[in-house]
Each structure stands twice: as C-alpha cells, then as structure tokens.
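K.L.:
Whatever this is, show me its structure:
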Amino acid sequence: MLLRVHELAYGPPVQSARYAGPPMFARGRKRRTLVLAAVPLVVGIGIGMLIGGNLQSQSHQNTGVTTTTPAVPDQLEYTDMPCDPGSSVLVLHSLEGAMPESEVRVLLDYETMWVRHRESANPALRGQTALLSRRDDVCPVIVPEDTRFTQFIWLGPFPSDTAPALCEALFKVTGKNCIPAQVVR
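P.N.:
Down below sits the predicted model:
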C-alpha cells in the first residue's frame, strides 16, 4: 500500500539502464532443464559400461578362453652375403651381439626406408632393401678382427666400380657409415 501511495505522489519507479538478465525464476528453469537432460545421459553411459564389462567377462568365463598374450615380434631374418668376384656390398652397420632385436629391427627398417627414399638418386638403389647377416655368413674379407661385432646390416651386391657412388647417393660418409667393401680381393 505504501508503494502505491509513493507511485501516486512521485510517479512510477525509475528503471535502471543496466540489463540484469531474465528474472531469477527463468534462469533456474534453464539450469534444471540442463540437469534433467544430463542425468539420463550419464546414467545410460554408466549402465552401458556395466553391461559391456559384464558381457566381456562372462564370455571369457563361458568359453574357457584365457586372455591372449601379446604378439611375439617378428624374428629377425638373416641372409647369407653373396661373395661373387667383382662385386661389393655397402656395409651400413656392424653390430655387437648384445644389441636387442628390437633395436636391430629399427635399424633395418630405417635403412630400407632411407634407400627407398633415395633410390631416385641412383638407379642401382631401386628395389634394394637392407639385409642382416651373422658373422659366419658374411664374406671372409669383410669380417673385422674385433669379435664383438656379430651382425652386419648391408646393401647389395653391386658392381665394385659403382659402390662408392652409392654411398654419396644415400648421403652417407664413405668409410664411416657406409663402407663399400669388395667381397673378394
């Protein structure tokens, strides 16, 4: 009643120019709607995970299947080095026997990838892959005196007169990380 008397005497109350947003009851309604929509979603995901987890564990129990062991990595493939007169191989790595097979595999894959990347630089590199040989399977001339080296990664064979140019085509340092070795001397 007092507000009504005030309005008659002074006029209606003045509105501020600042917008305060929707009335409080309207804001609360949007929040409730959001919560009500999210609750079934969360419950559905939870039920799905429970059902999915139970189905998976029941299937193993019913069939007697045990969990599988992780796949065994591919065994390294060794190649005999050809020892034809007048040919050479590019020895890229001399490896110690203590080197893990996984690291040897990485070197083989890398060198094969690099050769494929650089094969346009020299036609002799086309179709070449990095090969791995044991110490007993390389040409006698190539075996170093140091017995720590038991495996060799190499490319070839190539004609002896073209082998040094292949190191350059591969952007390798001749005599350091690319040794063009004649298989027979």
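K.L.:
so residue 158 sits in a strand?
P.N.:
Yes: using DSSP: H, G, I helix; E, B strand; the rest coil, the assignment for residue 158 is a strand.
K.L.:
residues near it, how many?
P.N.:
When neighbours are counted by other CB atoms under 10 Å, residue 158 registers 20. Every residue, glycine included, has its C-beta placed from N, CA and C.
K.L.:
List the residue ranges of this structure that fall below the pLDDT cut-off.
P.N.:
1-74, 185 (pLDDT under 70).
K.L.:
Tell me where it has strands.
P.N.:
Under the criterion DSSP state E, strands of the chain are mapped to 87-96, 131-134, 149-159, 179-182.
K.L.:
Could you dump these into TSV and include distance to residue 140?
P.N.:
Listed next are those as TSV, based on distance: least, CB to CB, whole Å:
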stretch	distance to residue 140
strand 87-96	13
strand 131-134	12
strand 149-159	13
strand 179-182	11
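K.L.:
Minimum distance to residue 105: which of these has it?
P.N.:
strand 131-134 (9.2 Å; CB to CB).
K.L.:
List the pairing partners of the closest one within its sheet, with orientation.
P.N.:
Within its sheet, strand 131-134 is paired with strand 149-159 (antiparallel), according to DSSP bridges.
K.L.:
which other residues reach the partner strand?
P.N.:
Outside strand 149-159, the residues that touch it by CB atoms under 8 Å, 6 or more residues apart in numbering are 81-82, 84, 86-97, 99, 104, 107-108, 111, 115, 124-125, 128-135, 138, 142, 163, 166, 180, 183.
K.L.:
Of these, keep whichever come out buried.
P.N.:
When neighbours are counted using 16 or more other CB atoms under 10 Å, the contacts of strand 149-159 contain these buried positions: 81, 87-95, 104, 107-108, 111, 115, 124-125, 128, 130-133, 135, 138, 142, 163, 166, 180, 183.
K.L.:
okay, now the residue nearest to residue 87 when sequence neighbours are not counted: neighbour count?
P.N.:
Nearest in space to residue 87, with sequence neighbours left out and distances taken as CB to CB, 6 or more residues apart in numbering, is residue 157 at 3.9 Å. Neighbour count for residue 157, taken as other CB under 10 Å: 19.
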